[in-house]
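# Provided below are the primary sequence and the corresponding predicted coordinates.
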Amino acid sequence: MPAVLSTLRNRLLSRRALIYASSSLLVGTGATVYYLNSGPSFPPSTKESRRPPPPWTPPSRFDNIQNLKTSSQQEPFDLLIVGGGATGAGAALDAASRGLRVALVERDDFAAGTSSKSTKLVHGGVRYLQKAIMELDREQWALVKEALKERKVFLHTAPYLSHMLPIMLPVYNVIQLPYYFAGCKMYDILAGSENMSSSYMMSKSKALETFPMLKQEGLVGAVVYYDGQHNDSRMNTALIMSAVKHNAVVANYTEVLSFYKSNEKLSGARVRDELTGEEFVVHARSIINATGPFSDALLHLSSQASTDPTCPKPASSAATPASKHKNIVAPSSGIHITLPNYYAPKTMGLLDPATSDGRVIFFLPWQGGVIAGTTDAPAPLEKDPVAPEEEIRWVLEEVRHYLSPDIKVRRGDVLSAWSGLRPLVRDPKSIEASGTAGLVRSHMIYVDPQGMLTIAGGKWTTYRAMAEEGIDRAVHEFKLRFKSITENVRLIGSEHWGRNMFIGLIQRYGLDAEVAKHLSESYGDRAWTVCDLAEQYDETDDGGWPLHGKRLSDLYPYIEAEVRYAVKHEYAVKATDVLARRTRLTFLNAQAALDALPRVVDIMAFHLGWDLSRKKQEIRSTVKFLESMGLKREVVEAQYKERNLRRIRSSIYTGFGFFNSGAKYDVYLPTVPPVYSRAKFDRSELVALRTAFEVFASDVFPGVASSHVESTHIPSPTMLKQSSKLLPISQVLQVIRQVPGYQEMLASDLDKDLKYVIEEAGFKGRKEVGFEEFVEICGDLKEISFAPALVAADPGRKQRKAIPVEKSGGGV
């Protein structure tokens, strides 16, 4: 026994055993340290975030226009950037932070196009990584690696506008579980030190606990990985204002009309202020085209540049030189819809990597709602594209496949729907190639024969890298100076911001907690300035809470002070600028934006000096924009027919001081009940539907002709309650057409809609339905059809207005 113990002691204390033990201890210690320091890095909390930052007021739009006019051939701008989206704004900040003299003009509002209609993700691209590995594509690999690096920079430079978001991949095939997990781990490894947090696997029960809306049948488990999410148009605005703070001169609603060149290189452009109609020339040493999907239009203008420094307009189209440019942009649309927040948890997204037609769908919580959408479908080039109804339904169908069957995915729950154009670009060297050959998968920088530098393609995540590369190229081409520093330039609002800053806003201004958190996460340390513009009010007239922050909509935390701030500090000059891009109300709920529109117009009119005619024009143009966001024209007309007149009349009284001249300009105006409703029927409709059902289901009313149902033949309450007759599905449309008020709704061929509704409700294969099932079918048909006015059963009762439930309004 002593010999055995001696041998064991010698082996345990041998040099090899000590080396193994020491190595294991070091590895374990290193792994523990790595784990404890892994995950996202948060900005340090300091006392600075408890108080407002030093005040700063940007130059007005009028001052910027005057500064543009002061340029000359002797003192030109170093750069004239055309386009105020993510690429243009990023390029302006990059160049201005280098010390260059920069001008930027945008035909519409900043972020009016693609940059406000993205998927709101800051990501490397899991699907691109899959393609890179499966196809051994080095270009895709490099694209993902660059995007992952920029993702970390993105979250660092604008921490209040971006955050980490876990995204779940539900797995319904046990073979796919290790495949998805390995892919997500590869994603983590590729990110390296820029990784946000490690991906992990979830059991079936844990997945259902985290995402209770998920379909349980067949679920094996889930894989969760991390990406970033941001507020895209607010990010774009922060870039613009940061560039202004670095002395860039910017102007929205300023369109380029023509170019002039000297020594065969572009040297300036004639622009028009769309608000005043005034035209003038901006001189610059170099010009950058950052107009995204509209890049070809500017390239055509470049090829038609004159040599006259005044850039005169051609007397006629025949006098315009023929363009030699061949289009390089292939627009691709991505549609998105917004759903109520009960469709997904607040802190977990979902990715469907294999839809029915191979496209990818994201299902993400965002700004208090849930957005779902897909990308990459060929589309024509237009300013405000509309999401096709077929695409909306397709997204809903794909979403329904992943959600629990007890959740009814309704077309009526679509609060907003929009389509954005992504500028896929073709290499000019492969311009003759057909199909998708020659399309650049990342971004492209191209210098045309006239010297204009075009930056196109890419995505939001890589905006900074694109801008840096583009300005580096411009510095080289046009012999300018300085290196990029934007990797460390924190955007406006970031310096004195902390995650707990919203508590200071509550304590100082008496804000509602939801409003304070929203302001902190939308404006950073500039939220203090927003709150300074918030008027004190008492909703209950008894000294109640909150003290500041009157909401534009009861459903969302946007307040009236944000309208004032947008006008004074962020160059908002139209109602759409405020509703769609300075706030995100239009993207979250188009109906709520419609309700808030008159109030927004009143506030802007006070600050911008609009008369009644301009207010009418503003409402008309904004309503037209809202139609591109999913609202139906019939709905708008129904809601504004009576309400708009009352609002305008009140505006006249308060705006011109005819009556109550001492009242404040932003006195609260009551609104009429909203047009949208989540209730499908009222009592009179149910009675009419029951009457029609009973006549066609069985001959329970002798003497009543089945060709038409009169309102006088109403079944008794007992018959309504006890009837259990069945109606053939083939006669559903015939029955509905007999109900007064439904004839116009069903004037078109709804056979396709009926088939869709029957399948969605789970009645496929059924030949007959009962009354409750019949009512459900009628309600679903109303969700996808505009319902006209229905005559009430009581002749003395006021006729009820139509309830269009193309969209339900999210409980409005």
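Ah, there it is.
# touching, Lys185 and Met201? I think so.
No - Lys185 is beyond contact range of Met201, at 10.0 Å (criterion: C-beta atoms under 8 Å). No exception for glycine: its C-beta is placed from N, CA and C like everyone else's.
# skip the chain neighbours and tell me the closest residue to the spatially most central residue of the chain.
By C-alpha atoms, centre = their mean, the chain has its centre lying nearest to Lys117, at 4.6 Å. Once flanking residues are discounted, Lys117 sits nearest to Gly420: 2.9 Å by C-beta to C-beta, 6 or more residues apart in numbering.
# ok, Glu264 next?
Gln450 (7.1 Å).
# ok, now which ones touch that neighbour?
For Gln450, the contact set (C-beta atoms under 8 Å, 6 or more residues apart in numbering) comprises Phe259, Lys261, Glu264, Lys265, Leu266, Ser302, Ser303, Ala305.
# for Val370, same thing?
Thr338, Leu339, Pro340, Asn341, Tyr343, Ala344, Phe363, Leu364.
# re the thing from before, measure the residue nearest to Lys117 to Glu278 for me?
Applying C-beta to C-beta, to the nearest Å, the value for Gly420 to Glu278 is 31 Å.
# what about those two, which has more around it?
Neighbour count, other C-beta atoms under 10 Å: between Gly420 and Glu278, Gly420 has more, with 24 against 12.
# before we move on, back to that, now do the phi/psi pair for the residue nearest to the centre of the chain.
Main-chain torsions, Lys117, degrees, to the nearest 10: phi -120, psi 40.
# my guess is it meets Trp418, correct?
Yes - if you go by C-beta under 8 Å, Lys117 and Trp418 touch, sitting 5.4 Å apart.
# pLDDT score assigned to the residue nearest to Glu264?
As predicted, Gln450 sits at a pLDDT of 92.
# what do you get for Asp427?
Looking at Asp427, its pLDDT stands at 72.
# does it touch Met444 like I think?
Yes - taking contacts as C-beta under 8 Å, Asp427 lies within contact range of Met444: 6.7 Å.
# re earlier: now, which of the contacts of Val370 sits nearest Asp108?
Taking C-beta to C-beta as the measure, Asp108 lies nearest Thr338 of the contacts of Val370, at 22.0 Å.
# next secondary structure after the strand or helix carrying that closest one?
Assigning secondary structure by DSSP states H and E places Thr338 in strand 329-339. The element immediately downstream of strand 329-339 (helix or strand, assigned by DSSP H and E) is strand 349-352.
# low-confidence stretches in the stretch 501-650 of the chain?
Scanning the stretch 501-650 of the chain for pLDDT under 70 picks out the ranges 538-545, 634-650.
# how about the helices of it, start to end?
501-509, 513-523, 527-532, 560-569, 575-576, 585-588, 590-608, 612-628, 633-656 (DSSP state H, counting those that start in this stretch).
# just to revisit the earlier point, contacts only, for the residue nearest to the centre of the chain.
Asp232, Gly334, His336, Trp418, Ser419, Gly420, Leu421.
# let me see the backbone angles for the first one.
Translated: Asp232. phi -60, psi -50.
# and it, what is it in contact with?
Applying C-beta under 8 Å, 6+ apart, the residues contacting Asp232 are Ala86, Ala111, Ser115, Ser116, Lys117, Ser118, Lys120, Trp460.
# returning to what we had before: which among the contacts of Gln450 end up buried?
Phe259, Lys261, Lys265, Leu266, Ser302, Ser303, Ala305 (16 or more other C-beta atoms under 10 Å).
# ok, now how distant is the residue nearest to the third one when sequence neighbours are not counted from Arg473?
When the adjacent residues along the chain are set aside, Lys265 lies closest to Gly451, with 3.9 Å between them (C-beta to C-beta, 6+ apart). Counting by C-beta to C-beta, the gap from Gly451 to Arg473 is 12 Å.
# higher neighbour count, these two?
More crowded of Gly451 and Arg473, by other C-beta under 10 Å: Gly451, with 20 against 16.
# which ones are touching that one?
Here Gly451 is in contact with Lys261, Glu264, Lys265, Leu266, Ser286, Ile287, Glu477, Phe478 (C-beta under 8 Å, 6+ apart).
# which of these sits closest to Gly630?
Ile287 (36.8 Å).
# quick check, the closest one in a strand?
Yes - assigned with DSSP: H, G, I helix; E, B strand; the rest coil, Ile287 falls within a strand.
# where in the stretch 351-500 of the chain is pLDDT low?
375-376, 429-441, 481.
# what of the stretch 651-800 of the chain?
651-683, 698-724, 741-750, 783-800.
# let's go with 80 and repeat that
651-686, 698-724, 737-754, 756, 759-762, 779-800 (pLDDT under 80).
# what residues are up against the residue nearest to Lys117?
Gly113, Thr114, Ser116, Lys117, Ser118, Ser333, Gly334, Ile335, His336, Pro385.
# next up, the contacts around Ala158.
Taking C-beta under 8 Å, 6+ apart as the criterion, Ala158 is in contact with His230, Met235, Ala238, Arg490, Leu491, Gly493, Ser494, Gly524.
# among those residues, which are located in helices?
Among these, the members found in helices (DSSP state H) are Met235, Ala238.
# so which pair among the contacts of Ala158 is furthest apart in space?
Going by C-beta to C-beta, the pair spanning those furthest: His230 and Arg490, at 14.7 Å.
# buried by neighbour count: which residues of stretch 390-406 qualify?
By 16+ other C-beta under 10 Å, the buried positions in stretch 390-406 come out as Glu391, Ile392, Trp394, Val395, Leu396, Glu398, Val399, Arg400, Tyr402, Leu403.
# brain fart, stretch 196-205
So, applying 16+ other C-beta under 10 Å, buried residues of stretch 196-205: Met196, Ser199, Tyr200, Met201, Met202, Lys204.
# which strand residues sit across from the fourth one in the sheet?
To tie it back to what came earlier, the one meant is Met201. Beta-bridge partners recorded for Met201 (DSSP bridges): Val223.
# if I pick it, what's in contact with it?
Met201 touches Leu177, Phe181, Gly221, Ala222, Val223, Val224, counting by C-beta under 8 Å, 6+ apart.
# number of nearby residues for Arg426?
Other residues close to Arg426 by other C-beta under 10 Å number 22.
# swap in Tyr20?
Around Tyr20 there are 11 residues (other C-beta under 10 Å).
# cool, Leu100 as well?
So Leu100, with other C-beta under 10 Å, has 23 neighbours.
# how about it: what's its closest non-neighbour residue?
Asp78 is the one closest to Leu100 (C-beta to C-beta, 6+ apart), at 4.2 Å.
# what sits against the one you found?
If you count contacts by C-beta under 8 Å, 6+ apart, Asp78 has them with Ala95, Leu100, Arg101, Val102, Ala284, Arg285, Ser286, Phe478, Leu480.
# in TSV, list the residues you listed along with secondary structure and distance to Ile133.
TSV is the format used below for those (DSSP: H, G, I helix; E, B strand; the rest coil; distance: C-beta to C-beta, whole Å):
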residue	secondary structure	distance to Ile133
Ala95	helix	37
Leu100	coil	41
Arg101	coil	46
Val102	strand	41
Ala284	strand	44
Arg285	strand	44
Ser286	strand	40
Phe478	coil	40
Leu480	coil	40
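# right, and Lys574 touches Ser621 too?
Yes - under the criterion of C-beta under 8 Å, Lys574 makes contact with Ser621 at 7.2 Å.
# so between these two, which is more surrounded?
A count of neighbours by other C-beta under 10 Å puts Lys574 above the other of Lys574 and Ser621, at 24 against 13.
# distance check, that one against Glu535.
Remark: distance between Lys574 and Glu535 (C-beta to C-beta) = 23 Å.
# got it, and Val27?
From Val27 to Glu535 the distance is 62 Å (C-beta to C-beta).
# okay, buried residues for the helix or strand harbouring Leu689 please.
Using DSSP H and E, Leu689 falls within helix 683-697. Buried residues in helix 683-697, counted by 16+ other C-beta under 10 Å: 684-697.
# format the helices of the stretch 501-650 of the chain as JSON lines; extra columns: distance to Phe774.
Below are these laid out as JSON lines (distance: least, C-beta to C-beta, whole Å):
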{"stretch": "helix 501-509", "distance to Phe774": "50"}
{"stretch": "helix 513-523", "distance to Phe774": "41"}
{"stretch": "helix 527-532", "distance to Phe774": "52"}
{"stretch": "helix 560-569", "distance to Phe774": "46"}
{"stretch": "helix 575-576", "distance to Phe774": "42"}
{"stretch": "helix 585-588", "distance to Phe774": "34"}
{"stretch": "helix 590-608", "distance to Phe774": "28"}
{"stretch": "helix 612-628", "distance to Phe774": "33"}
{"stretch": "helix 633-656", "distance to Phe774": "26"}
